[in-house]
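Peer 1: heads up, no residue letters with this:
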């Protein structure tokens with residue numbers, strides 16, 4: 001079982017060649033050495049613990065994604081030669097490298113990737129070993145939330161073809177004159193001092209939905225967007241939702 005890893009990293013444009021190599025080392029060198037040293041004729045199964053970062057990509061994890069893609073390629077090559085090397089692309093576990101990073105775990109949950117319980121992960125591992133598929137993917141995914149965020153900047157043909165994603169409702173409606181007129185009519189009917197709070201309530205309700213909160217009351221209205229958990233993808237989601245709700249064409253900068 002090869003389960004080493006490193007979560008260091010960042011955007012590829014900001015990663016030096018040395019940093020890239022250091023991140024790859026734990027995954028790639030360990031797996032390569034293990035593969036070279038083992039007598040594959042006498043070993044029933046080799047398990048490589050990989051990551052979904054190599055399956056559909058993870059922000060700021062360019063080198064880590066590449067390292068895990070190497071594990072997948074190694075398992076596939078061994079499988080094609082008749083061996084039993086399995087590279088499991090895991091989603092985040094409740095126990096593991098993310099277990100002590102509560103902020104990151106909360107961000108993943110809000111993005112539609114809740115942590116995988118240990119019992120569920122081990123049960124999946126039993127099934128994986130029995131079936132022998134070389135590159136399985138195991139993750140808890142809340143598809144409505146995850147797909148809308150992941151595909152907000154660009155479509156994902158890989159995810160779009162999954163049965164759970166094909167069953168999702170159509171994309172949110174585009175801005176329209178009718179929706180804009182309805183909002184104006186609603187605001188006009190209010191006393192002037194109530195109009196700005198009504199717009200703020202509207203914005204906070206969509207902020208809560210994008211960030212995965214249960215209600216708008218959980219949104220701190222005095223904090224900047226970046227301080228309440230927004231990134232580039234969630235900002236685009238919020239823009240799209242507000243466009244649809246107001247009939248305006250807001251610009252995300």
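Peer 2: That came in fine, so what should we check first? Fair warning: this is a prediction, and the values are worked out from it, not measured in the lab.
Peer 1: After the helix or strand hosting residue 22, which helix or strand is next? Please name it.
Peer 2: Residue 22 is located in helix 17-24, with elements delineated by DSSP states H and E. For helix 17-24, the succeeding helix or strand toward the C-terminus, using DSSP H and E, is helix 30-37.
Peer 1: by contact count, what packs against the helix or strand that that following helix is followed by?
Peer 2: Using DSSP H and E, the helix or strand that follows helix 30-37 in sequence is strand 46-51. Applying 3 or more Cβ pairs under 8 Å, 6 or more residues apart in numbering; DSSP states H and E, one finds that strand 46-51 contacts helix 30-37, helix 62-80, strand 85-90. Quick note: C-beta positions are derived from backbone N, CA and C, even for glycine.
Peer 1: which other residues reach the second one?
Peer 2: Here helix 62-80 makes contact (Cβ atoms under 8 Å, 6 or more residues apart in numbering) with 2, 5-12, 15, 19-20, 23-24, 26-28, 31-32, 35, 40, 46, 48, 50-51, 53-54, 57-58, 84-87, 89, 134-135.
Peer 1: same question, the last one
Peer 2: Contacting residues not belonging to strand 85-90 are listed as 35, 40, 45-52, 54-55, 68, 71-72, 74-76, 78-79, 116, 121, 125, 128-129, 132-139 [Cβ under 8 Å, 6+ apart].
Peer 1: What's the local residue count around the closest residue to residue 142 other than its chain neighbours?
Peer 2: By the measure of Cβ to Cβ, 6 or more residues apart in numbering, the closest residue to residue 142 outside its immediate chain neighbours is residue 112, 4.2 Å from it. Neighbour count of residue 112, defined by other Cβ atoms under 10 Å: 18.
Peer 1: cool, and residue 186?
Peer 2: Count around residue 186 with other Cβ under 10 Å applied: 12.
Peer 1: distance of residue 5 from residue 144?
Peer 2: 29 Å (Cβ to Cβ, to the nearest Å).
Peer 1: Check residue 31 too.
Peer 2: 35 Å.
Peer 1: The two: which is more packed in?
Peer 2: residue 31 (24 against 14).
Peer 1: Now do the residue nearest to residue 142, the pLDDT please.
Peer 2: The model reports residue 112 with a pLDDT of 85.
Peer 1: Same question for the one 4 residues further on.
Peer 2: Per-residue confidence for residue 116 comes out at a pLDDT of 92.
Peer 1: so what's the backbone phi/psi at it?
Peer 2: Main-chain dihedrals, residue 116, degrees, to the nearest 10: phi -80, psi 120.
Peer 1: residues contacting it?
Peer 2: Residue 116 touches 90-94, 138-140, counting by Cβ under 8 Å, 6+ apart.
Peer 1: Going by distance to residue 206, which of the residues you listed wins?
Peer 2: residue 140 (24.9 Å; Cβ to Cβ).
Peer 1: so can I have CSV of the helices and strands packed on strand 46-51 showing mean pLDDT?
Peer 2: As requested, the helices and strands packed on strand 46-51 are exported to CSV (pLDDT from 0 to 100):
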stretch, mean pLDDT
helix 30-37, 92
helix 62-80, 93
strand 85-90, 96
